[in-house]
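Peer 1: coordinates only, sequence not included:
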C-alpha cells in the first residue's frame, strides 16, 4: 500500500543529475526483469542502470520524463519517436559499462535474459513509443503513473505525433486499466516463450492511442 494518498507531483524532463534516482527506480520497479538479468543486489543494479543512463551525454535521459515530489524523483517514463528507437545509443560504451559492472559471464547472462523480452512491430515516423513506466512502490495509487502518461501524451501532440504505443505485460492489470482509462486499446498480443523461461511472463500486449492533433 502506498504511504501517501495525496501529494503534489511535478512532471519534468530528466537531466544528468537524475541518472542515479532513475536508475534506482528502474531497478526497483522492474526487479522481475533486471534481477534475473543483472543479479539480486538492487544497489548494484541501480548503479549499473544509472551509468547506462549517463552514456552518450544522457542519451536515455533525454528521452525520459520524471515525476518529482518534495524534491524526490518518484517515477519515470521513457519514450522515443518510433523511427529512432535506440539506434543512437552508444552501444560499445554500453557493453564496456555492463562488463565492468557484471563481468563477462554476467554480461552474457544479461544479454540472454534481456534479449528474451524483445520483439514486436515496426514503428512509424509519426509514432511515439513508450518503453518504460515506473513508479516508486511507496507512491503507487497516488496518480503518479497517470501524470507521467498524460505528460507524455501532451509531448507527443506537441511534436506532431499521430499515435502513441506501448506494451503491457500479461497479468499487469493495474497498468492495463490505467492505459485503457487514457484511451489506449489493444492492438496485438505477442507470445514470449523465452521470456517465460527467463523472467516468468508469457507475453505482452501492444496498445495504441491515436491522437487528435486538433486538441
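Peer 2: Yep, it's here. Computed from a predicted structure; not experimentally measured.
Peer 1: per-residue confidence at the residue nearest the centre of the chain?
Peer 2: Centre of the chain computed as the mean C-alpha position; nearest residue by Cα atoms, centre = their mean is residue 132, 1.4 Å away. What the model reports as pLDDT for residue 132 is 90.
Peer 1: From residue 92, how far out is it?
Peer 2: Shown here: residue 132 relative to residue 92, a distance of 23 Å by Cβ to Cβ, to the nearest Å. Placement of C-beta: from N, CA and C, glycine included.
Peer 1: these two touch, right, the residue nearest to the centre of the chain and residue 75?
Peer 2: No: using Cβ atoms under 8 Å as the test, residue 132 is too far from residue 75 to be in contact (10.8 Å).
Peer 1: what ranges of the protein fall below the confidence cut-off?
Peer 2: By pLDDT under 70, the low-scoring segments of the chain are 1-6, 84-88, 117-122, 193-200, 213-215.
Peer 1: Let me see the ranges of the strands in it.
Peer 2: 10-13, 64-69, 72-81, 127-135, 163-169, 185-191, 203-210 (DSSP state E).
Peer 1: one step back: grab the nearest non-local neighbour of the residue nearest to the centre of the chain.
Peer 2: With sequence-adjacent residues excluded and distances taken as Cβ to Cβ, 6 or more residues apart in numbering, residue 132 is closest to residue 78, at 4.3 Å.
Peer 1: which residues sit in contact with that neighbour?
Peer 2: Applying Cβ atoms under 8 Å, 6 or more residues apart in numbering, we find residue 78 in contact with 60, 63, 64, 130, 131, 132, 133.
Peer 1: next one: residue 9
Peer 2: 67, 68, 69, 74, 75, 142, 143, 144, 147.
Peer 1: how far away is it from residue 157?
Peer 2: With the distance defined as Cβ to Cβ, residue 9 ends up 21 Å from residue 157.
Peer 1: Same check on residue 178?
Peer 2: In this structure, residue 178 and residue 157 are separated by 19 Å, where distance is defined by Cβ to Cβ.
Peer 1: ok, now residue 68?
Peer 2: Between residue 68 and residue 157 the distance is 22 Å, computed by Cβ to Cβ.
Peer 1: what do you get for residue 110?
Peer 2: Residue 110 sits 36 Å away from residue 157, taking Cβ to Cβ as the criterion.
Peer 1: Which one of these two is surrounded by more residues?
Peer 2: Neighbours around residue 110 and residue 157, counted as other Cβ atoms under 10 Å, are more numerous at residue 110. The numbers are 20 against 17.
Peer 1: Any of the contacts of residue 78 buried? List them.
Peer 2: With neighbours counted using 16 or more other Cβ atoms under 10 Å, the contacts of residue 78 contain these buried positions: 60, 63, 64, 130, 132, 133.
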